[in-house]
Each structure stands twice: as C-alpha cells, then as structure tokens.
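Peer 1: Please work out how this folds:
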Amino acid sequence: MQKQYDYIIAGAGCAGMSLLMRMVADPFFASKKILVVDADTKQQNDRTWCFWETQPDLFESIVHHKWNKLDFYSDHYSSELSINPYTYKMIRGIDFYNYVKNNASSSPNVEWRKASIKKLVDTTFEFVGTNEIAGIELADGEIIYADYVFCSILFEPIKTAAHEYHFLQHFKGWEIKTAIDCFDSSKAIFMDFRVSQKHGTTFMYVLPTSANTALIEYTLFTEELLEDDSYNVALRKYISEQLQIIDYEVLHEEKGVIPMTTKKFPYAKGGNIYIGIAGGQAKASSGYAFKYIQKRTAALIDAIKNGKNLSYGKKLKDSKGHLYDAVLLNVLHNRKMPGDKIFAAIFKGNKASNVLAFLDNESSLLIDLKIMNSVPTRIFLPAALEELM
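Peer 2: You can find the predicted model right below:
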C-alpha cells in the first residue's frame, strides 16, 4: 500500500473547489501532488451562493453582483436593512467552477479524475514511520491513497438521534428578464415572508442584477419537501401578485436542498478530513454555508502549513452557535412559534449588522443576549433549557 498523492479532494463542489483554490494560490503546495475526483465535470450553472462579508476575500473577482441595502418584509414587521459594514454578495456556480479550474490549469501538480467515489478507505495502518495514510475507493473498485483525503461527499442519508433535529432548506429559483425595467439593482430583498406559511417557515429572495433581471427564489425551512410544481406555483404567484410583474421570461432555473441539522458531523477520521456539508459547514438555523466553508478551508490551509492537527475540534463560538441553532430548531419543530414571527422579531429589535454577525457566529455575548431578548422568553428559555439538559 503506497500513497500516490499528497492530497485527494473528494468532491469538486463549493468546499472542494474552495480548498483547491487556496492550495493553488499558495506556493507551499506547488510541489504537492493533488488529485481532484468528482463524477461531474462542473460545466453547468447549477447553483448560486449568496453571503455577506466586511472585506473582500479569495473570490471577490468573480462576485456577480453585490448590494449594500436589503429589504425585509413580513406581515409583522417590514423595513429597509442597513447592513454596513457588511456587503451582500452573489457568486454564480458556473463562474466559481470556471475560475478555480482556470487557476488550477497552470498547476501541473493538480490532476483531475471524472469518477464516482464509492467510499473512503478507513486506514489504520502506518505508512513510512508514524504517518497515517488515507484513501478513496472508486465505483470500479480502484483504491487511491494519499496523506490526506478532503471529503465533501455525504455517502449516506443523514440520520439523527432522538435529541437531534433535521430540517431541510429547500428552494427553487428563477432568473427572470422583464419586458420593462422593474428592479432597483442597488437593493435586494433579503427575506419576504409575505407568502403562505402553511408548510412552515417560507420566504422569497429577490436579487436584482440589473433593472430588468433578477433571481427570485422560493425558500422553505421544513422537515419535508414539496411536490415540484408547488415551487412553480408559488414563484408565479409571487411574481404576479407581490412584484406585479406580468411580462417576463425565465432565463435560468435552479433548485436545491441543504440540510439544516443539529447532528454533529465528524471533522476527521484518521487522514480522512471532512469539509463542506459532510463536515457540518452548513449553519443549522439558516442553511448558509459559503462563508463557513471559506473559514474552514482557510483554517485547514493554515494547519497544513504549520504542522497542526487537522482533526481539531470546533471553537467555543461554534459550540455557542450550535446551541442557538438547536434552540431555534426546537421551537420550529415543536411549533411553539412560527418562523416568520421569529425572524420579524429579531430584525425589528436589532441592528441588521448585528443579526448578520449573529448568523455568522461572529457576534459578541452582549449582542447575543440582546438578540435573544428580542424573542419571547416564555418560548425560547424553556427550549434552551431542554437543549442544555
């Protein structure tokens, strides 16, 4: 059994590509043999990532559009949100994939393999003294070894224990082009809860990229998916009734499902290191993942370069965020308070920038307490006590 690569990236989605980009951008990895394996060639614009940040990061050059003003709507509270010092940004999937592949194309140490991965190889033996070795098994039975495998693939459905919650953020989005100018491209609708809440926490995003184009996304936080046509019906209804747009064409369609779960994913098992959704980098209370993935991959690069243990645990602020997420999902699961009322209360009682910091697990304890004080104590305190027991 002999290693063939220094690093294997199993899965070329957001997490795998982000890690690869950080590797090819750093001279430290120029002499390392890197293999990227995915069953898909990533040639489709299959998703859009939106996130907020205070400073430009690694992918700033491919930000498709950005907004400094956001609107929040609900039947309980509506307002324009001032998000300074944050900027809300959008990256299209196809731009992201092409950017990373183009940058990696000039690195002869990076190899690509189009193949399905059956499983990770759980190795317990030693290779050259005390170094562990990791590996992947392809669908055809071939086994490939490396010092480390960075895996973003969920090989099995997520199974939760009795005390854990498992919601789904599921969505369908249409990029539309209108016959006349209808949008203010300097401002996006962050959440619009003025849609039916019969399925659970449900809202719309409206992300204008020009005066006559916008991505409109129907999003739900529920424990079950809908029939496919239900998303289409909701989008048509919102566009015609709420936005009052009649004449438009659909340029692009995307849909997806992101787990919102309090299940604790492993960070590592031997030389197999978990990243992305498989590493728990989707926030359980919102489904946001892009910035969490960037933090995780940046930390891994630092750990590799400085000889740190890659199986490090979560920081205190991550554990704090996990508790807050569990409390919210407890309230939603037990139907103690509707999600639209919860988010309306939070945005009504707090600066939008503080809410964004809270959602990023970057807020101070003082801000945390203020945000928690903006929702009914009689509902959230018992839920918090349940999660702490």
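
Peer 1: For stretch 272-284, the averaged confidence score.
Peer 2: The pLDDT scores in stretch 272-284 average 91.

Peer 1: Quick one: end-to-end distance for that stretch.
Peer 2: The straight-line separation of the ends of stretch 272-284 (CA to CA, to the nearest Å) is 23 Å.

Peer 1: What helices and strands are in contact with the one helix or strand Lys89 maps to?
Peer 2: Using DSSP states H and E, the element containing Lys89 is strand 87-92. Here strand 87-92 touches strand 48-53, strand 65-67, going by 3 or more CB pairs under 8 Å, 6 or more residues apart in numbering; DSSP states H and E. Placement of C-beta: from N, CA and C, glycine included.

Peer 1: Pipe those into a markdown table and attach mean pLDDT and distance to Ala284 per row.
Peer 2: Listed next are the helices and strands packed on strand 87-92 as a markdown table, based on pLDDT from 0 to 100; distance: least, CB to CB, whole Å:
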| stretch | mean pLDDT | distance to Ala284 |
| --- | --- | --- |
| strand 48-53 | 96 | 17 |
| strand 65-67 | 97 | 25 |
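
Peer 1: I'd like those written out as a markdown table, with distance to Thr160 and mean neighbour count added.
Peer 2: Compiled in a markdown table, the helices and strands packed on strand 87-92 are given as follows (distance: least, CB to CB, whole Å; neighbours: other CB atoms under 10 Å):
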| stretch | distance to Thr160 | mean neighbour count |
| --- | --- | --- |
| strand 48-53 | 26 | 21 |
| strand 65-67 | 35 | 20 |
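
Peer 1: how about the ones you listed in CSV, adding distance to Val257?
Peer 2: Shown next, in CSV, are the helices and strands packed on strand 87-92 (distance: least, CB to CB, whole Å):
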stretch, distance to Val257
strand 48-53, 15
strand 65-67, 24
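
Peer 1: Those: which one's closest to Ile258?
Peer 2: strand 48-53 (11.0 Å; CB to CB).

Peer 1: In contact with the nearest residue to Ala12 once chain neighbours are set aside, which residues?
Peer 2: Nearest residue to Ala12, sequence neighbours excluded (CB to CB, 6 or more residues apart in numbering): Asp38, at 3.8 Å. Residues near Asp38 by CB atoms under 8 Å, 6 or more residues apart in numbering: 11-13, 16, 114-115.

Peer 1: mind running it again at 7 Å?
Peer 2: Contacts for Asp38 (CB atoms under 7 Å, 6 or more residues apart in numbering) come out as 11-12, 114.

Peer 1: Quickly list what it is bridged to.
Peer 2: Applying DSSP bridges to Asp38 gives these bridge partners: Lys114.

Peer 1: State the distance from it to Tyr218.
Peer 2: Counting by CB to CB, to the nearest Å, the separation of Asp38 from Tyr218 is 28 Å.

Peer 1: can you give me the helices for the stretch 201-350 of the chain?
Peer 2: Remark: helices assigned in the stretch 201-350 of the chain by DSSP state H, counting those that start in this stretch are 228-237, 290-305, 316-333, 339-349.

Peer 1: Mean pLDDT lowest where, among those helices?
Peer 2: Out of those, helix 316-333 stands lowest, with a mean of 86 (criterion: mean pLDDT).

Peer 1: For that one, buried residues please.
Peer 2: Buried residues in helix 316-333, defined by neighbour count with 16 or more other CB atoms under 10 Å: 321-322, 324-332.

Peer 1: and the angle from that helix to helix 339-349?
Peer 2: Angle between the axes of helix 316-333 and helix 339-349 is 130 degrees (criterion: axes from the mean of the first three to the mean of the last three CA atoms, to 10 degrees).

Peer 1: How far does helix 316-333 sit from its chain's centre?
Peer 2: 16 Å (CA atoms, centre = their mean, to the nearest Å).

Peer 1: Which secondary structure elements does it sit against?
Peer 2: helix 377-388 (3 or more CB pairs under 7 Å, 6 or more residues apart in numbering; DSSP states H and E).

Peer 1: residue nearest the centroid of this protein?
Peer 2: Per CA atoms, centre = their mean, the C-alpha nearest to the average position across the chain is that of Ala289, at 1.9 Å.

Peer 1: and the closest residue to it other than its chain neighbours, how far is that from Ser152?
Peer 2: The spatially closest residue to Ala289, leaving aside those adjacent along the chain, is Ala282, at 4.2 Å (CB to CB, 6+ apart). In this view, Ala282 and Ser152 are 11 Å apart by CB to CB.
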